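Student: Build the 3D model from these lines:
(one chain, ligands or ions: 1)
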Amino acid sequence: MITTTHSRRPLVGRFQGKVALVTGGTNGIGYAIALELLREGAQVVVSGLPADGAEGEHAFAAAGFTPFVVTGDLASEAFCDELVAAALARHGRLDYLVNNAFSFIAKGLDATREDFLRSLSVGPVAFARLIQLVAEPMKRVGGGAIVNVSSISAKIAQPNRWTYNAAKGAVTQLTRCAALDLAPHKIRVNSVSPGWIWTREVDKAAGGDRATYDPIWGQFHMLRRMGLPIEIAGPVLFLLSDDASFITGSDLPVDGGYNGLGPEGLGQNTKIAGSH
Ligand SMILES: NC(=O)c1ccc[n+]([C@@H]2O[C@H](COP(=O)([O-])OP(=O)(O)OC[C@H]3O[C@@H](n4cnc5c(N)ncnc54)[C@H](O)[C@@H]3O)[C@@H](O)[C@H]2O)c1
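Tutor: Got it, this is the predicted structure:
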């Protein structure tokens, strides 16, 4: 587990008595979201790939928590069904869903049909299936909230990213359409769009050299640094909470200002930077 998650929130019990399902909660951003929910009193069901289950359980235990961890591949509709059934069997209710797990397949001209189908099935298709499955249980408890983890990649072009960016783009529209249809049932659906967050894919790309690459990739953001998983968890918990009771169908960029930069970037190569 890459140690980029530090809990800074006091235990306040904002989600006491509630049950949350967090996909991809064994690692990275999902782990940080699940940990914050646990710290704030929720019962949490976490899913992850079988290869990640033990690492996730260890990390939660080290932090003093024992969420219910269910492993499997979300590309399988049968696993999506099993996951929600297991969560309901364990806790008897579901109040929140965080659709976070995704397949990071970054391919362009070389992408195969299988690459596209894998990206879409672990991504928006599984997101949609889980939303369908949690809708009834949420209706039974009088409503709920769903957050889909999208990305800056949903809205911009990046090199060799047809698969991932198309799948993230679909998450934006899924969020809006599901929000519209579930609003009468008091179920809100929103998304967050992180910028570059230091998790294992990024660490792999940097060859583990965070000290060198964080300042370089940080320059893509107004804040001149990369984000941490905990910095996504806070906004996700906000969107789940009653503080966001009038927010649905929205996307919240959590990107250190990435989204607002123009072609001049931070202005390093612009002679007139600072004079306007
Ligand atoms: N790290 C970033 O820079 C960044 C930026 C923008 C958006 N995101 C998004 O944040 C989310 C989490 O990414 P992360 O960086 O924390 O990833 P990560 O690799 O650290 O964790 C991914 C989690 O998803 C699970 N998972 C992956 N494929 C799965 C599958 N087929 N079935 C079931 N579970 C599966 C893994 O077991 C793991 O728990 C993703 O939706 C990703 O697209 C990440």
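Student: ok, so what distance separates residue 96 from residue 150?
Tutor: 17 Å (C-beta to C-beta, to the nearest Å). Any C-beta I mention is one placed from the backbone N, CA and C, and that applies to glycine too.
Student: and what of residue 79?
Tutor: To residue 150, residue 79 is 22 Å away according to C-beta to C-beta.
Student: Neighbour count for those two, which is higher?
Tutor: Neighbour tally, residue 79 and residue 150, criterion other C-beta atoms under 10 Å: the higher count belongs to residue 150, 29 against 17.
Student: I figured the more buried one was touching residue 172, is that so?
Tutor: Yes: Residue 150 is within contact range of residue 172, at 6.1 Å (criterion: C-beta atoms under 8 Å).
Student: Show me the shaky parts of the stretch 1-150 of the chain.
Tutor: Applying pLDDT under 70 to the stretch 1-150 of the chain flags residues 1-12.
Student: Tell me where it has strands.
Tutor: In the stretch 1-150 of the chain, the strands defined using DSSP state E, counting those that start in this stretch lie at 19-22, 43-48, 68-71, 96-99, 144-149.
Student: Pull the number of nearby residues for residue 17.
Tutor: Residue 17: 10 neighbours (other C-beta under 10 Å).
Student: for residue 82, that is, sorry about that
Tutor: Neighbours around residue 82, by other C-beta under 10 Å: 14.
Student: So which residues of the stretch 151-276 of the chain form helices?
Tutor: Along the stretch 151-276 of the chain, counting by DSSP state H, counting those that start in this stretch, helices occupy 162-182, 200-205, 210-218, 229-240.
Student: tell me which parts of the stretch 1-150 of the chain are close to the ligand?
Tutor: Taking C-beta under 6 Å from any ligand atom as the contact definition, the stretch 1-150 of the chain meets the ligand at 24, 26-30, 47-49, 52, 73-75, 100-103, 122, 149.
Student: Kindly give a single PyMOL line that selects the buried subset of these.
Tutor: To isolate the buried ones among these in PyMOL, judged by 16 or more other C-beta atoms under 10 Å, type:
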select buried, resi 24+26+27+28+29+30+47+48+49+52+73+74+75+100+101+102+103+122+149
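Student: out of the residues of the stretch 1-150 of the chain next to the ligand, which are inside helices?
Tutor: Those of these mapping onto helices are 28-30, per DSSP state H.
Student: From those residues, pick the one nearest the ligand.
Tutor: Taking C-beta to the nearest ligand atom as the measure, the ligand sits nearest to residue 28 out of those, at 2.3 Å.
Student: ok, now which ones touch the closest one?
Tutor: Listed by C-beta atoms under 8 Å, 6 or more residues apart in numbering, the contact partners of residue 28 are 2, 197, 199-200, 229.
Student: again, only using 6 Å
Tutor: 199, 229 (C-beta atoms under 6 Å, 6 or more residues apart in numbering).
Student: Could you pull up the residues touching residue 101?
Tutor: Shown in contact with residue 101 (C-beta under 6 Å, 6+ apart): 23-24, 74.
Student: and what of residue 222?
Tutor: residue 257 are the contacts of residue 222 under C-beta under 6 Å, 6+ apart.
Student: Same check on residue 185?
Tutor: By C-beta under 6 Å, 6+ apart, the contact set of residue 185 is residue 139.
Student: And it, how far from residue 144?
Tutor: When distance is defined by C-beta to C-beta, residue 185 is 8 Å away from residue 144.
Student: before we move on, what about residue 242?
Tutor: Distance from residue 242 to residue 144, counting by C-beta to C-beta: 12 Å.
Student: For the two, indicate the residue with more neighbours.
Tutor: Neighbour count, other C-beta under 10 Å: between residue 242 and residue 144, residue 144 has more, with 26 against 7.
Student: That one contacts residue 186, correct?
Tutor: No: counting by C-beta atoms under 6 Å, residue 144 stays clear of residue 186, with 7.6 Å between them.
Student: who's in contact with residue 134?
Tutor: Neighbouring residues of residue 134 by C-beta under 6 Å, 6+ apart: 94, 97.
Student: before we move on, the earlier item: name the stretch among the helices of the stretch 151-276 of the chain that sits most buried.
Tutor: helix 229-240 (a mean of 23; mean count of other C-beta atoms under 10 Å).
Student: quick one: it to strand 144-149, angle?
Tutor: Interaxial angle, helix 229-240 versus strand 144-149 (axes from the mean of the first three to the mean of the last three C-alpha atoms, to 10 degrees): 150 degrees.
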